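Trainee: sequence? don't have it. structure:
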């Protein structure tokens, strides 16, 4: 078997576009939610709030509609990138536009929306502003899914072979985590009011666009991309390729991996869209405010947890490279247990410890199943399956997860009273219990997948430049 190596250029591009793409996705997934709570709803009167949807419902709808847009975009643009044999253009131009749209969020205010549409009435202005945020989020998702989900993910599949993908998925996960931390670090200033959301969105958008401009000169499509599109199938036929019963029947491991992956992401999406709001309005007040959160014992616990996370994840990935099945089921159980424990407390020390099994389990599941999905995609059809992948890991999770989280939060009826005396429903710890129940369901497809095994043949004789 020929051992292929990725070029230094491709390693750099994988890390760069993953990091910058992660900046955009994390800004959307984490800070559009706090933007709605802290800016759009912050100074709204009680009458305006009563005449508009609840903030948690607005977040749920935004996430769901964004997921629908992501999947439709990936189907259309992923297949088109296969047909046109040009991932570079889709990635680069997509990132440029993605950054521009991200920056435009800095100009969304109730005052600007009211002036743009000549609106009167607080409830109507609040409602239209929320829907304008949701609409712009859909536009941003179109750009992101075109460049990242459809083209970049297919490009990564094109330039790698099965023996490399577990390592590549590990790098993608680590770099993605770093980008998340970077966005969280900067975003915390916006969330605390020390940095305007306008400056936050414009600054991050500029970084994303700059990356896209660099991609025009740095990205090269490998020979595999050019060869794989030499068939004469029509575009519409390619769009529905992954839905054909014959294709599903001949690729059972791919669809089992997607099912397990999708269920685990549903579990994550039950609480993730509400997490920062939960920390701001529930965890911090329950622990005596920001000053208590930053006391030495909490910082030491956080550092120890972070060190343990890195050590355990790296160790498990090394051990799991030869037998993914042995580790996937225990890690799913580990993540489930961690979610159940998180549903029992808001104590910051206990939460930090409970986060350990959740993050470890989620990281291993995402890396191993992400690599397995790439391995199980038929050679030469990476673009055709990106839409199918998005249905399982984006559409279903981002529609079902936030809805389940919203139901859990509304049933718990935890509330926060702002400085204007207006009471608002906030996320509650019960959402973690629901997430744990969902996560446990991933064991069903995993059981059948482990029985079938993970071995795949390496493609012969072609090195990705």
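Mentor: Sure, I can see it. The structure displayed is predicted, hence computed values, not measured ones. Numbers count the residues shown, from 1 in each chain.

Trainee: Per-residue pLDDT of residue 226, please?
Mentor: Note on residue 226: pLDDT of 57.

Trainee: make that residue 318, sorry
Mentor: 64.

Trainee: in the helix or strand encompassing residue 237, what counts as buried?
Mentor: Here residue 237, judged by DSSP states H and E, is contained in helix 235-239. Judged by neighbour count (16 or more other C-beta atoms under 10 Å), helix 235-239 contains these buried residues: 238-239. Just so you know, the C-beta spots here come from the backbone N, C-alpha and C atoms, and that holds for glycine as well.

Trainee: Then stretch 259-267?
Mentor: Quick answer for stretch 259-267 (16+ other C-beta under 10 Å): 259-267.

Trainee: The helix holding residue 237 - contacts with which helices or strands?
Mentor: Using 3 or more C-beta pairs under 8 Å, 6 or more residues apart in numbering; DSSP states H and E, the elements in contact with helix 235-239 are helix 55-84.

Trainee: From the contact counts, what lies against the helix it packs on?
Mentor: Packed next to helix 55-84, using 3+ C-beta pairs under 8 Å, 6+ apart, are helix 32-35, helix 87-104, helix 122-144, helix 153-159, helix 235-239, helix 382-390, helix 396-412, strand 423-425.

Trainee: roughly how far is that helix from the heart of the chain?
Mentor: How far helix 55-84 lies from its chain's middle: 12 Å, per C-alpha atoms, centre = their mean, to the nearest Å.

Trainee: in it, what's buried?
Mentor: Quick answer for helix 55-84 (16+ other C-beta under 10 Å): 55-67, 69-82.

Trainee: Taking helix 382-390 as reference, get the angle to that helix.
Mentor: 160 degrees (axes from the mean of the first three to the mean of the last three C-alpha atoms, to 10 degrees).

Trainee: Make residue 1 into 17 and carry on from there
Mentor: Noted, 17 is the first residue going forward, which turns the last one into helix 71-100.

Trainee: angle of helix 71-100 against helix 138-160?
Mentor: 30 degrees.

Trainee: Check the average confidence over helix 71-100, would you?
Mentor: pLDDT averaged over helix 71-100 gives 82.

Trainee: Pull out the buried positions in stretch 412-427.
Mentor: Buried, per 16+ other C-beta under 10 Å, within stretch 412-427: 412-426.

Trainee: Just name the closest of the residues you listed to residue 468, please.
Mentor: residue 412 (22.1 Å; C-beta to C-beta).

Trainee: quick one, what contacts the nearest residue to residue 392 once chain neighbours are set aside?
Mentor: Using C-beta to C-beta, 6 or more residues apart in numbering and skipping the chain neighbours, the partner closest in space to residue 392 is residue 270 (3.7 Å). Counting by C-beta atoms under 8 Å, 6 or more residues apart in numbering, residue 270 touches 389, 392-393, 401.

Trainee: Checking my notes, residue 270 in a helix, right?
Mentor: Yes. Under DSSP: H, G, I helix; E, B strand; the rest coil, residue 270 sits within a helix.

Trainee: Go ahead and name everything in contact with stretch 316-327.
Mentor: For stretch 316-327, the external contacting residues (C-beta under 8 Å, 6+ apart) are 364-365, 368-369, 371-372, 375-376, 379.

Trainee: follow-up on the earlier one: for the contacts of residue 270, give me TSV that also has neighbour count.
Mentor: Output for those, formatted as TSV (neighbours: other C-beta atoms under 10 Å):
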residue	neighbour count
389	25
392	20
393	22
401	27
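
Trainee: Which two of those have the greatest separation?
Mentor: The widest separation within the contacts of residue 270 (C-beta to C-beta) is 9.1 Å, between 392 and 401.

Trainee: lowest-pLDDT helix or strand in the protein?
Mentor: helix 239-243 (a mean of 62; mean pLDDT, DSSP states H and E).

Trainee: Just the buried residues of stretch 129-147, please?
Mentor: 129-130, 135, 138, 141-147.

Trainee: Share the number of residues neighbouring residue 268, please.
Mentor: 13 (other C-beta atoms under 10 Å).

Trainee: Low-confidence stretches in the stretch 17-166 of the chain?
Mentor: Across the stretch 17-166 of the chain, the ranges flagged by pLDDT under 70 are 17-20.

Trainee: if I pick residue 79, what's in contact with it?
Mentor: Taking C-beta under 8 Å, 6+ apart, one finds 45, 285, 289, 414-415, 417-418 in contact with residue 79.

Trainee: which residues does the nearest residue to it once chain neighbours are set aside contact?
Mentor: Nearest residue to residue 79, sequence neighbours excluded (C-beta to C-beta, 6+ apart): residue 418, at 4.4 Å. Under the criterion of C-beta under 8 Å, 6+ apart, the neighbours of residue 418 are 75-76, 79-80, 285-286, 289-290.

Trainee: with these in mind, which one is nearest to residue 27?
Mentor: Among the contacts of residue 418, and counting by C-beta to C-beta, the member closest to residue 27 is residue 285, at 30.1 Å.

Trainee: What's the first helix or strand after the one helix or strand that closest one maps to?
Mentor: For residue 285, the element it lies in under DSSP H and E is helix 268-287. Note on helix 268-287: by DSSP H and E, the next helix or strand toward the C-terminus is helix 291-294.

Trainee: hmm, who's touching that following helix?
Mentor: Here helix 291-294 has contacts from 46-47, 49-50, 53, 71, 207, 287, 442-445, 447, using C-beta under 8 Å, 6+ apart.

Trainee: Dump those to JSON lines, plus distance to residue 112.
Mentor: Formatted as JSON lines, the contacts of helix 291-294 follow (distance: C-beta to C-beta, whole Å):
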{"residue": "46", "distance to residue 112": "23"}
{"residue": "47", "distance to residue 112": "21"}
{"residue": "49", "distance to residue 112": "25"}
{"residue": "50", "distance to residue 112": "26"}
{"residue": "53", "distance to residue 112": "30"}
{"residue": "71", "distance to residue 112": "32"}
{"residue": "207", "distance to residue 112": "27"}
{"residue": "287", "distance to residue 112": "33"}
{"residue": "442", "distance to residue 112": "37"}
{"residue": "443", "distance to residue 112": "35"}
{"residue": "444", "distance to residue 112": "40"}
{"residue": "445", "distance to residue 112": "41"}
{"residue": "447", "distance to residue 112": "36"}
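
Trainee: Good, wrapping up.
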